[in-house]
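>>> One predicted model, sequence on top.
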Amino acid sequence: MEQSSKKMTGAEILIRCLHEENVEFVFGYPGGAVLHIYDAIFHQDKFKHILVRHEQAALHAADAYSRSTGKVGVALVTSGPGATNAITGIATAYMDSIPMVIISGQVPTYAIGEDAFQECDTVGITRPCVKHNFLVKDVKDIASTIKKAFYVAASGRPGPVLVDIPKDITADTCKFEYPESVHLRSYNPVTKGHLGQIKKALKLLAEAKRPMVYSGGGVVLGDASAHLIKLVQSLGIPITSTLMGLGGFPASDPKFLGMLGMHGTYEANMAMQECDVLLAVGARFDDRVIGNTKHFLSNPRTIIHIDIDPSSISKRVKIDVPIVGDVKSVLADMNELIATEKPAQNTNALAAWLQQIQTWRGKKCLNFAQSTEFIKPQYVIQKLHEVTKGEAFVTSDVGQHQMWAAQYYNFDKPRRWINSGGLGTMGVGLPYAMGVQFAHPNAQVACVTGEGSIQMNIQELSTCAQYHLPIKVIMLNNRYLGMVRQWQEFFYENRYSESYMDSLPNFVKLAEAYGHVGMQITRPEDVEGALKEAFDMKSRFVFMDFITDQKENVFPMIQNGKGLSEMILAEDL
Amino acid sequence: MADHATRHIISLLMENESGALSRVAGLFSARGYNIESLTVAATEDTTLSRMTIVTSGSEAVIEQIIKQLNKLVDVVKVLDLNDGKFIERELMLVKVKATSAFRDEMKRMCDIFRGRIIDVADGSFTIELTGSGNKLDAFIESLDKAAILETVRTGASGIGRGDRILKV
């Protein structure tokens, strides 16, 4: 047990707690209510504080640090506007189950409820978008609360946990004692899956005629990738992935059918619809994945669902074989059973099923018409994959470019694809790239973005300059809020209401104003060379403004309310 | 999944901490679940609060409500009383007009429902009545609407019969 007989201030205790948790980076922004904490930070050098330019970016950067490493991300903001600016970042992390600890300053305890300067009910405002939160009312509770916060954030289904600390508590003193372990009688997440259910699941998969694996973000978050690969290879069955699960199974493997869902591949969506036994692993059957629920259920299939969160099971679709547990542990148990029991498979039926999938694949649904005149956004992503040899960490914002990055980058490893899947937060791309680059200083980090999204956190160009982050921004600039424009084209008879980005800045000059390298690429033949040139500048931040085809759409596409097999393909138009 | 909505009484134990009630109330409003009534008070172990929630929904919705309640970090135990035999009680106070001509009639009505008159004033009685929600509804129904001056109900409390015990 870490102890100190000398009395310390609450601020000093907080810093010591972060040391105990082996925190490497704290992303934050100072302010009145956290001045004691910042003074304590001044006196330490065990973790590095990263000064962002807006609290939202601090949250996103800490979030991406976590997504790319699996460790708990830490952010520090002041009271009132500091906390409210952080909300989007907290909600983004919550929707994607990212473990984070957020420390917010609060007005002194004696001023709470008096509408003090920079006061807001942070615990109240954040309650619906955190896994849990705490208001610390006594300096003696700081250490135990921080211990609980890290434990709750990282265990079970992970999520952000906020600790609100009033200013006077950070000045009060007491002895520092960091608890070695934590026990909460009200919180006991399940880890092991039920063996009986696991056996039942395996039997169903082996006997299936048209088996299919549908893997999600839980595989990435649960570090279960190796176990998933083993399972799929030993059973030899096809697999698709959600947006959040990309990289959990290698995209270059022939068993992989690509992403499914609203902009999923033809083969993945058809197989998802037609399979007779579905194994869902750490995925949650959300509206962007299965389309119209009734249509999805119109084709009967037996569904096995592995998830650590019982509330994910039978939430939108009734599950036949629920397995509540840590995906890694359950998959390991399954693999062990396969090794010992060697279940007989329905090989003839499986071969016919794989043949059927090959036919669907023959549609080549991701083919696009190359142009000599305009830069095709898909082509930029393909070239990005080539130039970075598929090894880059790719962050994205939200919109068409996000879908193209997901469709064309072909992620082979987990934790390389960093995006806001659940909340769909525009503006995450650049701060996500920052968080990833801090965590992996020597890695290639590409931020795929659009001219709409990038402007939502453009101020972070300054942070990137301060810390010399060699991020490469790949901006697919079509002068439209592309996804909005696409929907307006399809569903609002081309009435492009407020979706054109007028008065765009000169992004090259803007990048240069911050001391970065700016490039504008307008011709298809220059794409590859420019990317090589940019990635060769290993120590520089390069902002690449690709002027792309304005009218390009994301295909395949399932319209709102339609079923999985009712896709619009590029060739249909 | 059955779409037919039924009434359920859910009992739960949670850490007796500030904000605990708003976590539960917030969950119901955020996910669009019904709350017919919600009562809460500390138990004999003052670190725990016991809550009784009366809600309604299809089987699938009730299953989600139970799971979502269990997911709240402060919630220690959740029990759907409808899964077994249980007793439900609610307390109601009704202030009724009781002018001289009607005082006997009001007293009789109160007796029939096994209520108690707990305050007597010149023109009114206050009646205390305990029972299931249905019984309280029936009492209100049987009174002349014009005679009712004021009502207040606690919302239901529930407890399992016999060996069904909700305890940490």
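Cool, got the structure.
>>> A:G156: neighbour count?
The burial count assigned to A:G156 is 21, neighbours taken as other C-beta atoms under 10 Å in any protein chain shown. To be clear about C-beta, it is placed using only N, CA and C from the backbone, and glycine gets the same treatment.
>>> Please read the previous query as pertaining to A:F256.
A count of neighbours around A:F256, defined by other C-beta under 10 Å, yields 23.
>>> Without its sequence neighbours, what residue ends up closest to B:V96?
B:A147 (4.9 Å; C-beta to C-beta, 6 or more residues apart in numbering or on different chains).
>>> how far away is that neighbour from chain A?
Separation of B:A147 from chain A (C-beta to the nearest C-beta, to the nearest Å) stands at 42 Å.
>>> Can you verify my assumption that that residue contacts B:E105?
No: using C-beta atoms under 8 Å, B:A147 is not in contact with B:E105, being 9.2 Å away.
>>> Now for the residue nearest to B:V96: which residues touch it?
Shown here is B:A147, whose contacts under the criterion C-beta atoms under 8 Å, 6 or more residues apart in numbering or on different chains are B:V96, B:K97, B:F102, B:M106.
>>> same question, A:P238
Contacts for A:P238 (C-beta under 8 Å, 6+ apart) come out as A:P211, A:M212, A:V213, A:K255, A:F256, A:L257, A:A271, A:W353, A:L354, A:I357.
>>> Secondary structure element for the second one, which one?
What that stands for is A:M212. For A:M212, the element it lies in under DSSP states H and E is strand A:211-215.
>>> Contacts for the following helix or strand past that strand next, please.
Per DSSP H and E, the first helix or strand lying C-terminal to strand A:211-215 is helix A:217-221. Residues outside helix A:217-221 that contact it (C-beta under 8 Å, 6+ apart) are A:70, A:96-98, A:158, A:224-225, A:228, A:242, A:244-245, A:247-249, A:281-283, A:306-308, A:327, A:414-415, A:421.
>>> could you redo the last one with a cut-off of 6 Å?
Residues outside helix A:217-221 that contact it (C-beta atoms under 6 Å, 6 or more residues apart in numbering or on different chains) are A:L228, A:M244, A:G245, A:G248, A:V281, A:G282, A:V327, A:P414.
>>> Hmm, the fourth one is touching A:K413, no?
No: taking contact to mean C-beta atoms under 6 Å, the distance of 9.1 Å between A:G248 and A:K413 leaves them out of contact.
>>> Compare those two and say which is more crowded by neighbours.
For A:G248 versus A:K413, the count of surrounding residues by other C-beta under 10 Å is larger for A:G248: 31 against 16.
>>> which residue packs closest to the most centrally placed residue in chain A, ignoring adjacent ones?
Centrality entry for chain A: nearest residue to the mean C-alpha point is A:N419, 4.3 Å, by C-alpha atoms, centre = their mean. Once its chain neighbours are removed from consideration, A:N419 has its nearest residue in A:S396; the separation is 4.5 Å (C-beta to C-beta, 6+ apart).
>>> What mean pLDDT does the lengthiest strand in chain B get?
Longest strand in chain B, counting residues (DSSP state E): strand B:86-97. The average of the pLDDT scores along strand B:86-97 is 97.
>>> just stretch A:367-375 next, same as before
Mean per-residue pLDDT for stretch A:367-375: 94.
>>> Would you mind naming what in chain B lies close to chain A?
If contacts are counted using C-beta under 6 Å from any C-beta of the partner chain, the residues of chain B sitting beside chain A are B:M1, B:E15, B:G26, B:A30, B:K67, B:Q68, B:K71, B:V73, B:D74, B:V75, B:V76.
>>> Not counting its neighbours along the chain, what's nearest the second one?
Excluding the flanking residues, the one nearest B:E15 by C-beta to C-beta, 6+ apart is B:D74, at 4.5 Å.
>>> what's near enough to touch that neighbour?
With contacts taken as C-beta under 6 Å, 6+ apart, B:D74 has the following neighbours: A:S186, B:M14, B:E15, B:A20.
>>> Filter those residues down to the buried ones.
A:S186, B:M14, B:E15, B:A20 (16 or more other C-beta atoms under 10 Å in any protein chain shown).
>>> Export these to TSV and append columns for distance to A:G427 and secondary structure.
Rendered in TSV, the data for the buried ones among the contacts of B:D74 read as follows (distance: C-beta to C-beta, whole Å; DSSP: H, G, I helix; E, B strand; the rest coil):
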residue	distance to A:G427	secondary structure
A:S186	35	coil
B:M14	36	strand
B:E15	36	strand
B:A20	34	helix
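>>> what residues does the stretch 1-150 of chain A put near chain B?
A:R127, A:P128, A:H132.
>>> my guess is the first one is in a helix, correct?
Yes: remark: A:R127 belongs to a helix, assigned using DSSP: H, G, I helix; E, B strand; the rest coil.
>>> Tell me, how many residues neighbour it?
One way to gauge burial is a neighbour count; for A:R127, by other C-beta under 10 Å, it gives 18.
>>> Not counting sequence-adjacent ones, nearest residue to it?
Sequence neighbours aside, B:G26 is the residue nearest to A:R127 in space, at 5.6 Å (criterion: C-beta to C-beta, 6+ apart).
>>> Please apply the same query to A:H227.
The shortest distance from A:H227 to any residue that is not its chain neighbour, by C-beta to C-beta, 6+ apart, is 3.7 Å, and that residue is A:L331.
>>> what's that neighbour in contact with, if anything?
By C-beta under 6 Å, 6+ apart, the contact list for A:L331 reads A:A224, A:H227, A:L228, A:L231.
>>> re earlier: which helices and strands does the longest strand of chain B pack with?
With contacts taken as 3 or more C-beta pairs under 6 Å, 6 or more residues apart in numbering or on different chains; DSSP states H and E, strand B:86-97 sits against strand B:124-131, helix B:133-142, strand B:148-153, strand B:157-160.
>>> All set, thanks.
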